[in-house]
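J.: Can you look at this prediction? I've put the sequence above it.
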Amino acid sequence: MTDRMQLRRATPQDLYFIQGLLRDNGLLFEDIPSKIGCLFLASADLQVVGIGGLVNYKEYGLLRSIVIKTSFRAKGYGRLLCTKLIQQAKFQGIKELYLLTITAKAFFNQMGFRRTRREKVPKAIQETIEFRDLCPDSSICMRMKIR
């Protein structure tokens with residue numbers, strides 16, 4: 001693995017690739033056309049290794065749609081991508097990051113996220129389509145304060 005991962009903001013031309021990668025990994029993709037500007041493609045050594053999203057709601061942010069291509073897993077790319085998205089959130093002035101997960105609680109715990117109850121999440125995040133409609137109530141809600 002290289003630590004020279006580059007993030008590039010997704011464009012409408014990336015839509016088919018992003019939706020396919022999310023669908024193939026059992027992640028939500030229905031709202032991706034309306035969120036394309038919040039998504040990033042992660043590349044290392046000129047190859048796309050994964051994608052991730054950061055939706056900004058002023059001082060709050062929603063981390064979403066993080067997936068690493070199968071052939072690049074278990075090499076540290078997920079951690080690096082998440083770290084870069086957290087840095088991006090800090091740069092944007094976000095003070096708290098939230099996410100919903102079903103299968104990656106342990107990973108996000110290692111990244112510094114802690115479980116929180118949905119009703120404690122700021123209204124701006126609670127009103128997102130991810131919280132309202134797309135993610136099941138069984139999803140684990142997690143939060144990170146950015147320093």
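T.: That came through fine.

J.: Going by C-alpha atoms from here, please, whenever you check contacts or count neighbours.
T.: Noted.

J.: Show the pLDDT at Leu134.
T.: For Leu134, the model assigns a pLDDT of 66.

J.: Sorry, wrong one. I was asking about Leu7.
T.: Note on Leu7: pLDDT of 91.

J.: Can you name the residues that contact it?
T.: The contact partners of Leu7, by C-alpha atoms under 8 Å, 6 or more residues apart in numbering, come to Phe40, Leu41, Ala42, Ser43, Lys84.

J.: Inside helices: which ones of these?
T.: In helices, defined here by DSSP state H, the members of these are Lys84.

J.: ok, so of the contacts of Leu7, who is nearest Glu96?
T.: Lowest distance from Glu96 to the contacts of Leu7 (C-alpha to C-alpha) belongs to Lys84, with 15.2 Å.

J.: Count the neighbours of the closest one for me.
T.: When neighbours are defined as other C-alpha atoms under 10 Å, Lys84 has 17 of them.

J.: Nearest the middle, which residue of the chain would you pick?
T.: Nearest to the mean C-alpha position of the chain, counting by C-alpha atoms, centre = their mean, stands Arg64 at 2.8 Å.

J.: quick one: it and Ala104, what's the gap?
T.: To Ala104, Arg64 is 12 Å away according to C-alpha to C-alpha, to the nearest Å.

J.: again with Gln88
T.: 21 Å.

J.: Have a look at the two and say which one is more surrounded.
T.: The neighbour comparison of Gln88 against Ala104 (other C-alpha under 10 Å) goes to Gln88, with 14 against 10.

J.: Counting by contacts, list what the helix or strand bottoming out on mean pLDDT in the chain packs against.
T.: The weakest-scoring helix or strand in the chain, judged by mean pLDDT, DSSP states H and E, is helix 129 (a mean of 77). Contacting helix 129 under the criterion 3 or more C-alpha pairs under 8 Å, 6 or more residues apart in numbering; DSSP states H and E is no other helix or strand.
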